[in-house]
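Novice: can you look at this prediction? I've put the sequence above it.
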Amino acid sequence: MGPNVISVSVLTGFLGSGKTTILGHLLREPEFSRTAVIINEFGEIGLDHELVETSEDSFIELKTGCLCCKVRTDLARTLQDLLQRRDRGSCPPFDRIVIETSGLADPAPILQTLMTDGGIATRFVLGSIVTTVDSMIGVGTLGREKISQKQVAVADRIVLTKVDLAGAAEPALLRRLAELNAGAPVLYAEHGRVKSQALFDTGLYDPRTKSLDVNSWLADDVHKPAHHDTEIEAYAIVRTDPIPAVVLTLFLEALAEHCGADLLRLKGIVHIAESPERPAVIHGVQHVFHAPIWLERWPSDERRSRIIFITRRIPRRWVEVLLDAIAAEVAQVSEPL
């Protein structure tokens, strides 16, 4: 990570699924010592008392060298306050931020803030989205709570908690997770412990950062047999031929206009016709899209465009027909008279 660019990861999961317990253990790990934690939760900060030093405001210095605070007005303002303290040296230095969401929260607004707020966009890059699931009652929660399904669907990593109590994850739970998000690796936390590198070693590829793996970020094998929920489905759109820049622009605009909240997440690497040696990385949540990031070079010999969709009631075929129709229309308009 470059000195002025900070990775922001999101830790989400339904009420009681063990987010704060995992966070408490992570903050004791040496590699986590340069981390700021933002708690976007109702009530008091729930970290163990031995982690917390006294503080006269909502920014709490932890004995491990980390910094913790609660969202006071809005997330963008809290992030800006953190940056100002870091830049003037009035708080412990940090290289990473982790946002712990409310158990009842839709993570989409947080992701949208990170992608679109002009005051923070030049200093932050979206890291991993990690979702905790209670291995003992996860099947029931996913069956009852729509927000729990969405938290799982948008994840880059899924952490099954309380496996020491459950003995083993129910096959029904693993099947349900695969239906909602086949691309995200499933990790296991025993007594609230899971290695930090396993959680936060993937994120949005950005040329300003150290080398991150686009294939890991996309986290999807397009040759897998499709798993899908009755409403939520994940699939990959792959194109061998380069895509003109105007086609990509119109395609994303059409998705934003017509899909809205049902486009839970989109991420991909695109071979742009006008820039064959510099692919574009795209990322979107619902109707909000991050400005494309242009890589200096292709990260591997794979040159196909690959776009991962996580959707609710948006058929894969509809997306493919939309992209093909826009490409055909642009090609027709571009033909010489």
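Specialist: Structure received. Worth saying up front: this structure is predicted, and the values here are computed from it rather than measured.

Novice: gap between Arg28 and Val194?
Specialist: Remark: distance between Arg28 and Val194 (C-beta to C-beta, to the nearest Å) = 13 Å. From N, CA and C alone the C-beta is placed, and that goes for glycine too.

Novice: quick one: which of these two has more around it?
Specialist: Val194 (22 against 16; other C-beta atoms under 10 Å).

Novice: so what pLDDT did the more buried one get?
Specialist: Note on Val194: pLDDT of 82.

Novice: need the phi and psi values for it.
Specialist: Phi and psi for Val194, reported as degrees, to the nearest 10, are phi -150, psi 140.

Novice: quick check: it touching Val159?
Specialist: Yes. Using C-beta atoms under 8 Å, Val194 is in contact with Val159, at 5.8 Å.

Novice: overlap in contacts of the two?
Specialist: Common contacts of Val194 and Val159, defined by C-beta atoms under 8 Å, 6 or more residues apart in numbering, comprise 22, 187-188.

Novice: what about Ser275, neighbour count?
Specialist: For Ser275, the number of neighbouring residues by other C-beta under 10 Å comes to 14.

Novice: quick one: pLDDT of it?
Specialist: Turning to Ser275, the model gives it a pLDDT of 95.

Novice: pretty sure it is touching Trp294, no?
Specialist: Yes. Ser275 lies in contact with Trp294 (C-beta under 8 Å); the separation is 7.1 Å.

Novice: leaving out the residues flanking it, which one is nearest to Leu160?
Specialist: Closest residue to Leu160 apart from its sequence neighbours, by C-beta to C-beta, 6 or more residues apart in numbering: Ser135 at 4.5 Å.

Novice: quick one: the helices in the stretch 51-200 of the chain?
Specialist: With DSSP state H, counting those that start in this stretch as the criterion, the stretch 51-200 of the chain has helices at 75-88, 108-116, 138-144, 146-153, 163-166, 171-180, 196-200.

Novice: now Glu320: which helix or strand?
Specialist: helix 316-334 (DSSP states H and E).

Novice: swap that for Val238, please
Specialist: If you go by DSSP H and E, Val238 is part of strand 232-239.

Novice: flag every buried residue along that strand.
Specialist: 232-237, 239 (16 or more other C-beta atoms under 10 Å).

Novice: for Leu65, grab the count of nearby residues.
Specialist: Slight slip there: residue 65 is Gly, not Leu. Gly65, neighbours per other C-beta under 10 Å, totals 15.

Novice: need the pLDDT of the nearest residue to it once chain neighbours are set aside.
Specialist: Closest residue to Gly65 in three dimensions, ignoring its sequence neighbours and counting by C-beta to C-beta, 6+ apart: Ser33, at 4.4 Å. For Ser33, the model assigns a pLDDT of 82.

Novice: Arg34 touches Cys91, doesn't it?
Specialist: No. With contact defined as C-beta under 8 Å, Arg34 and Cys91 do not form a contacting pair (11.3 Å).

Novice: neighbour count winner among these two?
Specialist: A count of neighbours by other C-beta under 10 Å puts Cys91 above the other of Arg34 and Cys91, at 17 against 14.

Novice: quick one: contacts for that one?
Specialist: Contacts of Cys91 (C-beta under 8 Å, 6+ apart): 36, 59, 61, 67, 82, 85.

Novice: where does the stretch 201-337 of the chain have low pLDDT?
Specialist: 201-217, 219-230, 335-337 (pLDDT under 70).

Novice: one more time with 90, if that's ok
Specialist: In the predicted model, the stretch 201-337 of the chain carries pLDDT under 90 at residues 201-236, 260-261, 264-265, 267, 281, 283-302, 308, 310-313, 332-337.

Novice: for it, what spans make up the helices?
Specialist: Counting by DSSP H, counting those that start in this stretch, the helices of the stretch 201-337 of the chain are 214-218, 245-259, 316-334.

Novice: returning to what we had before: right, and the residue nearest to Leu160 touches Asp164 too?
Specialist: No. Look at Ser135 against Asp164 with C-beta under 8 Å: they stay out of range, at 9.3 Å.

Novice: these two: which is more packed in?
Specialist: Ser135 (25 against 13).

Novice: the nearest residue to Arg239 once chain neighbours are set aside: how many residues sit nearby?
Specialist: Distances taken as C-beta to C-beta, 6+ apart place Ser305 nearest to Arg239, at 4.3 Å, with adjacent residues excluded. As a burial measure, Ser305 scores 21 neighbours (other C-beta under 10 Å).

Novice: next, the buried residues of the helix holding Glu320.
Specialist: So helix 316-334, judged by 16+ other C-beta under 10 Å, has buried residues 316, 319, 322-323, 326-327, 330.

Novice: quick check: angle from that helix to helix 245-259?
Specialist: Counting by axes from the mean of the first three to the mean of the last three C-alpha atoms, to 10 degrees, helix 316-334 lies at 140 degrees to helix 245-259.

Novice: what angle do helix 316-334 and strand 232-239 make?
Specialist: 30 degrees.

Novice: with just CA atoms, put helix 316-334 into CSV.
Specialist: Provided in CSV are the C-alpha atoms of helix 316-334 (Å, rounded to 0.1, in the frame of the first residue of the first chain):
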residue,chain,number,x,y,z
ARG,A,316,-28.1,-13.5,-16.6
ARG,A,317,-29.6,-13.8,-20.1
TRP,A,318,-31.1,-10.3,-19.8
VAL,A,319,-27.7,-8.8,-18.9
GLU,A,320,-26.1,-10.6,-21.9
VAL,A,321,-28.7,-9.4,-24.3
LEU,A,322,-28.4,-5.9,-23.0
LEU,A,323,-24.6,-5.8,-23.5
ASP,A,324,-24.9,-7.4,-27.0
ALA,A,325,-27.7,-5.0,-28.1
ILE,A,326,-25.7,-1.9,-27.0
ALA,A,327,-22.6,-3.2,-28.8
ALA,A,328,-24.5,-3.9,-32.0
GLU,A,329,-26.2,-0.4,-31.8
VAL,A,330,-22.8,1.3,-31.3
ALA,A,331,-21.2,-0.7,-34.2
GLN,A,332,-24.1,0.3,-36.5
VAL,A,333,-23.8,4.0,-35.7
SER,A,334,-20.0,3.8,-36.1
